[in-house]
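Q: sharing a sequence plus its predicted fold:
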Amino acid sequence: MALRRALSAAGRRWAQRLCSAAWGDTIFAVSSGHGRCGVAVIRTSGPGSGGALRSLTGRPKLPPPRVLALRRIRDPSTAETLDRGLVVWFPGPRSFTGEDCAELHVHGGPAVVSGVLRALGSLPGLRPAEPGEFTRRAFRRGKLDLTAAEGLGDLIRAETEAQRRQALRQMEGELGRLYQRWSETLTQALAHLEAYIDFSEDDNVEEEVLSQVDATVRALEQEIGAHLQDGRRGELLRGGVHAVIAGPPNVGKSSLLNLLCQRPAAIVSPVAGTTRDVVEVALNVGGYPLVLSDTAGLRDATDPVEQEGVTRAWDRVRQADLVLAVLDAAAVPPEPAGLGAALGSLLPPTTATPCILVLNKADLLRGGEGTLLRDTCAQRGPPTALLSCKTGEGLHQLLALLAQQLARLCGDPLAGSPSLTQSRHSLHLGACAAALARLLKKAYMSCGGTQGDRQ
Ligand SMILES: Nc1nc2c(ncn2[C@@H]2O[C@H](COP(=O)(O)OP(=O)(O)OP(=O)(O)O)[C@@H](O)[C@H]2O)c(=O)[nH]1
Ligand SMILES: [K+]
Ligand SMILES: [Mg+2]
């Protein structure tokens, strides 16, 4: 009898081992982030999850699936109680990773968390998860496609509302579904083409098939082209719009950076040429992410250190998604020629980068002078804000202009078809569009046309 029991226990252990060899080991990690907190969530995924939950709760029976249960959580080797918390059992495949999963919601003190992690690590077949391993397992089991996994990563990193909206949309599979539809359209076109090649002589497949394939591919090429030409809005929203504050020395560029981020991030002084290094801050303007850089005043500097600062400032202007061009309102000549010269010296003539003109030090102007100047500038140049960094006057108008520009650059993440958010997407879609263009060109040539005839 004892022998039979021992054999069956050994059999169970072997079965367990074979199982874990086939399905991989069981991983665990703190999912709620690190540091002291009220509640920490520790997750496991893999075939050993049920056993781990039994060992740590000291109960042979698992709680009903997907229902929170209050349990004493013990160290299985010493039976010492580590905490009292909530546990959840998610049997696969109805879990995040598709595998058996368990969650332990414990008090978030470092000693409790490390005690539970140590207890889990002492169980055979369990090991700490590598970064991103839960999501990788969900991907491998078909619970998420790659775009959804990227969306999940973006959602965790999202710092503004617009970023959250875009990430959520991608995580819920909208981008994946769009690409899936394209992939199916192409597979179908390929099947029709191959059927034509293989069977057209038997008269089973008609000539029209070819023109149908041509129309499908042409439409798809156009759709992908339009999707690619979205002004990088998805990528801008994901990574933040890079705006640079540029202008002549001493006009109040660093004062503007400090006013916008509400802290003395950059040194302000009456000495022209104070800023040399680029000072960067991340901001949330109207729900859109903005990475704002303060730069050295643009002038022909003689000091080599300042020269380097000016070179860096120009580099930033060339790379920027948006330029905040700052001028001293009291020093701008109001007549068109003078204004044109002031703006022309500030921005490279070829730049197509969106720009906002900031007329600073408005407090130094008299009466209606400022408004008149702003309106004249706005008529001739980019959108213009009249501001005093000293008094804060005009800040609301500048923020509204900024939010407008950001909304234009990033678009509404909920409107229209989902945006591509990574250079990986544009790279592969670009290759796909080029291949479709080659196919159309070849098809056309073989029909006796020339490339010039294709519109
Ligand atoms: N009256 C007035 N003075 C201002 C205003 N904004 C900035 N200043 C002053 O202008 C001077 C230059 O300000 P900064 O912010 O250092 O100017 P900057 O453009 O960064 O200067 P550089 O880094 O040297 O190119 C400082 O003395 C500020 O206090 C303003 O709105 N009104
Ligand atoms: K200065
Ligand atoms: Mg400065």
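A: Received the coordinates, thanks. Residues are numbered from 1 along each chain as shown. Ligands and ions are numbered 1, 2, ... in the order given.

Q: next, the residue in the stretch 101-250 of the chain that ligand 1 sits nearest to: secondary structure please.
A: Closest contact between the stretch 101-250 of the chain and ligand 1, by CB to the nearest ligand atom, is at residue 249 (3.7 Å). Any C-beta I mention is one placed from the backbone N, CA and C, and that applies to glycine too. With DSSP: H, G, I helix; E, B strand; the rest coil as the basis, residue 249 sits in coil.

Q: that one touches residue 273, doesn't it?
A: Yes - using CB atoms under 8 Å, residue 249 is in contact with residue 273, at 5.3 Å.

Q: returning to what we had before: and the residue of the stretch 101-250 of the chain closest to ligand 1, how far is that from residue 331?
A: 11 Å (CB to CB, to the nearest Å).

Q: repeat that for residue 148.
A: From residue 148 to residue 331 the distance is 54 Å (CB to CB).

Q: so these two - more neighbours on which side?
A: More crowded of residue 148 and residue 331, by other CB atoms under 10 Å: residue 148, with 21 against 14.

Q: test my guess that the more buried one contacts residue 176.
A: Yes - counting by CB under 8 Å, residue 148 does reach residue 176; the two are 5.5 Å apart.

Q: domain ranges for the chain, per the record?
A: 23-140, 144-230+427-455, 236-410 (automatic domain parsing).

Q: between the ones you listed, which one is nearest to ligand 3?
A: Closest approach to ligand 3 among the domains of the chain (CB to the ion): domain 236-410, 3.1 Å.

Q: could you see whether ligand 3 lies near the closest one?
A: Yes - applying CB under 5 Å from the ion, one finds that domain 236-410 is in contact with ligand 3 at 253-254, 274-275.

Q: okay, the residues you listed in a markdown table with distance to ligand 2 next?
A: Formatted as a markdown table, the residues of domain 236-410 next to ligand 3 follow (distance: CB to the ion, whole Å):
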| residue | distance to ligand 2 |
| --- | --- |
| 253 | 8 |
| 254 | 7 |
| 274 | 4 |
| 275 | 7 |
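
Q: just the buried subset of these, please.
A: 253-254, 274-275 (16 or more other CB atoms under 10 Å).

Q: could you dump those to CSV with secondary structure?
A: Listed next are these as CSV, based on three-state DSSP:
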residue, secondary structure
253, helix
254, helix
274, coil
275, coil
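
Q: now, the most widely separated pair of those residues?
A: 253 and 274 (9.5 Å; CB to CB).

Q: worst mean pLDDT among the domains of the chain?
A: Among the domains of the chain, domain 144-230+427-455 carries the lowest mean pLDDT, at a mean of 85.

Q: ranges for the strands of this protein?
A: 26-30, 37-45, 69-74, 81-90, 101-108, 126-128, 241-246, 279-285, 288-294, 322-328, 355-360, 384-386 (DSSP state E).

Q: can you give me the end-to-end span of stretch 406-417?
A: By CA to CA, to the nearest Å, the extent of stretch 406-417 from end to end equals 19 Å.

Q: which residues are contacting it?
A: Outside stretch 406-417, the residues that touch it by CB atoms under 8 Å, 6 or more residues apart in numbering are 162-163, 165-166, 169, 178, 227, 230-231, 233-234, 236-237, 241, 285-286, 288, 290, 321-322, 354, 419.

Q: please repeat the previous calculation with a cut-off of 7 Å.
A: 162, 165-166, 169, 178, 227, 233, 236-237, 241, 285-286, 288, 290, 321-322, 354, 419 (CB atoms under 7 Å, 6 or more residues apart in numbering).

Q: kindly write the ChimeraX command that selects the buried subset of these.
A: This is the ChimeraX syntax for the buried subset of the contacts of stretch 406-417, where burial follows 16+ other CB under 10 Å:
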select :162,165,166,169,178,227,233,236,237,241,285,288,290,321,322,354,419
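
Q: now, which of the contacts of stretch 406-417 lie within helices?
A: Under the assignment DSSP state H, the contacts of stretch 406-417 contribute 162, 165-166, 169, 178, 227, 233, 236-237 to helices.

Q: if I look at residue 272, how far off is residue 442?
A: 62 Å.

Q: between those two, point out the one with more neighbours.
A: Higher neighbour count among residue 272 and residue 442: residue 272, with 13 against 10, using other CB under 10 Å.

Q: which parts of the stretch 251-400 of the chain sit against ligand 1?
A: Residues of the stretch 251-400 of the chain lying close to ligand 1 (CB under 6 Å from any ligand atom) are 251-255, 268-270, 272-275, 297, 360-361, 363-364, 388-390.

Q: which residues of this protein lie near ligand 2?
A: 250, 269, 274.

Q: nearest to residue 197, of these?
A: residue 274 (71.6 Å).

Q: which non-adjacent residue is nearest that closest one?
A: residue 267 (5.7 Å; CB to CB, 6 or more residues apart in numbering).

Q: could you double-check that that neighbour sits in contact with residue 253?
A: No - using CB atoms under 7 Å, residue 267 makes no contact with residue 253, being 11.3 Å away.

Q: joint contacts of the two?
A: Joint contacts of residue 267 and residue 253 (CB under 7 Å, 6+ apart) are residue 275.

Q: thinking residue 221 is in contact with residue 435, fair?
A: No - contact criterion CB under 7 Å: residue 221 and residue 435 do not qualify, at 9.4 Å.

Q: which of those two has more neighbours?
A: Ranked by neighbour count (other CB under 10 Å), residue 221 and residue 435 place residue 221 first, with 18 against 13.

Q: what's the distance between residue 103 and residue 49?
A: Counting by CB to CB, the gap from residue 103 to residue 49 is 9 Å.

Q: more neighbours, those two?
A: When residue 103 and residue 49 are compared for neighbours, residue 49 comes out ahead with 27 against 22, by other CB under 10 Å.

Q: spit out the contact partners of the more buried one.
A: Contacts of residue 49 (CB under 7 Å, 6+ apart): 26, 100-102.

Q: before we move on, the earlier item: can you get me a residue count around the residue nearest to residue 274?
A: When neighbours are defined as other CB under 10 Å, residue 267 has 14 of them.

Q: what number of residues lie near residue 234?
A: Residue 234 has 25 nearby residues by other CB under 10 Å.

Q: can you pull the contacts of the nearest residue to it once chain neighbours are set aside?
A: In space, and not counting its chain neighbours, residue 234 is closest to residue 419: 2.8 Å by CB to CB, 6+ apart. With contact set as CB under 7 Å, 6+ apart, residue 419 has these partners: 166, 230, 233-234, 411, 413.
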